[in-house]
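S.K.: Curious how this folds, go ahead:
(one chain, ligands or ions: 1)
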Amino acid sequence: MPEVIPLNAALGARIEGLDRTQAHTPAVAALLDTALAEHLLVVIPGAPMSPQQTRDLARAFGEPRPQLLRRKRADDVPEVSLMVSTLMSDGTTDKTVYRAEDWHTDDSYFEIPAKATLLHSLEIPRRGGATWFCNMQSVYEALPEATRRRIDGKRAIHGYDTPRARNRPAPRTPQEIAETPDVEHPLVRTHPVTGRKALYLNPNRLDRIVGLPRAESDALLDELTGEARKPQHHHGHVWNVGDVVVWDNRATMHRVVNDYAVGEPRIMHRVLLQGERPA
Ligand SMILES: [Fe+2]
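M.R.: Below is the predicted model of the structure:
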């Protein structure tokens, strides 16, 4: 059986000795999925895979689901997106790159956000381009008790776009707009496997707290986001080609650092895993 080695960090574990072709077998899949729930981030080193192989490995963590943005889908495997975040000098770089630079959790503008996200690196820049993760359970636990009391039971509105985002998203097609109305989620989520509470924030998508005037909502969201920006809750993953990294969107945020060289390819597979309604 593969070994789960916790990182000496705010979150995360490394999986050693995994034959990726066996990841879908029930005992191995259970070990991987449990490691994800407990450590919120798992890193699986290995070699580059085809879209089919990436999808099959993702199945150890749940049900891969088709991506919203059609133009990013990999041919023949609609559950796998090809994410090209190569920095271009002519300004044609996908805007996603810049939005991904601020802390976010994937998919919170859906009523049923992705449980987890898998990224698999095919090509990476020679240096830079690390992905950083934030443990939202430790963020919640670090809040003053008075703040925790104030937010427990509160709900918040997430949208595809909000003026609070540092970078605004790329245009959607009419069908994509119809598929992304504003949604309401609890501000504090309870992890369905471990029962631990996590602050459920998304600075790119979270517009306001239900029942509070805009100014008060903005101030409280700024205070909560301020705690999440503290380095004690963070861990950065420095990519090797072929890495598979899976994170639990129910209790983490992530961001990428765009400090790599212009023109050096940064190409990944991405898979989103079917989730459940946040509670
Ligand atoms: Fe993301």
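S.K.: my guess is His191 meets Asn249, correct?
M.R.: No. Proximity of His191 to Asn249 does not meet the contact threshold set by CB atoms under 8 Å, at 11.1 Å. Yep, even glycine has a C-beta here, placed from its N, CA and C like the rest.
S.K.: neighbour-wise, which of these two wins?
M.R.: Asn249 (26 against 18; other CB atoms under 10 Å).
S.K.: Spatially nearest residue to Asn249 (excluding sequence neighbours)?
M.R.: Residue nearest to Asn249 in three dimensions, not counting chain neighbours: Thr105, with 4.9 Å by CB to CB, 6 or more residues apart in numbering.
S.K.: Please tell me how far His235 sits from Asp207.
M.R.: The span separating His235 from Asp207 equals 28 Å under the rule CB to CB, to the nearest Å.
S.K.: Same question for His39.
M.R.: Between His39 and Asp207 the distance is 31 Å, computed by CB to CB.
S.K.: for Thr162, same thing?
M.R.: From Thr162 to Asp207 the distance is 4 Å (CB to CB).
S.K.: One more: Thr54?
M.R.: For Thr54, the distance to Asp207 - CB to CB - is 33 Å.
S.K.: So which of those two has more stuff around it?
M.R.: Legend: neighbour count by other CB under 10 Å for Thr54 and Asp207, higher for Thr54 (25 against 20).
S.K.: pretty sure the more buried one is in a strand, no?
M.R.: No. Counting by DSSP: H, G, I helix; E, B strand; the rest coil, Thr54 is not part of a strand but helix.
S.K.: and the residue nearest to it when sequence neighbours are not counted, what element?
M.R.: Spatial nearest neighbour of Thr54, chain neighbours left out: His269 (4.4 Å); criterion: CB to CB, 6+ apart. Using DSSP states H and E, His269 sits in strand 267-273.
S.K.: ranges for the helices of this protein?
M.R.: Ranges of helices in the chain, per DSSP state H, are 26-39, 51-58, 96-99, 136-142, 145-151, 174-178, 214-228.
S.K.: just how off-centre is the last one within its chain?
M.R.: When distances are taken as CA atoms, centre = their mean, to the nearest Å, helix 214-228 is centred 21 Å away from the chain's centroid.
S.K.: for that helix, packing partners?
M.R.: The helices and strands touching helix 214-228, judged by 3 or more CB pairs under 8 Å, 6 or more residues apart in numbering; DSSP states H and E, are helix 136-142, helix 145-151, strand 197-199, strand 206-209.
S.K.: Mean pLDDT and distance to Glu176 for the ones you listed - can I get that in TSV?
M.R.: Conversion of the helices and strands packed on helix 214-228 to TSV gives the following (pLDDT from 0 to 100; distance: least, CB to CB, whole Å):
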stretch	mean pLDDT	distance to Glu176
helix 136-142	98	27
helix 145-151	97	31
strand 197-199	98	28
strand 206-209	95	18
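S.K.: For the nearest residue to Arg196 once chain neighbours are set aside, which residues are in contact?
M.R.: Computed as CB to CB, 6+ apart, the closest residue to Arg196 that is not its neighbour in sequence is Gln137, at 4.9 Å. Contact analysis of Gln137 by CB atoms under 8 Å, 6 or more residues apart in numbering lists Leu40, His191, Arg196, Lys197, Ala198, Ala251.
S.K.: give me the low-pLDDT residue ranges for this protein?
M.R.: 68-75, 89-98 (pLDDT under 70).
S.K.: quick one: furthest residue from the center of it?
M.R.: Distance from the C-alpha centroid of the chain, by CA atoms, centre = their mean, peaks at Pro213 (29.0 Å).
S.K.: hang on, isn't Arg59 packed against His24?
M.R.: Yes. Between Arg59 and His24 there is a contact under CB under 8 Å: 5.2 Å.
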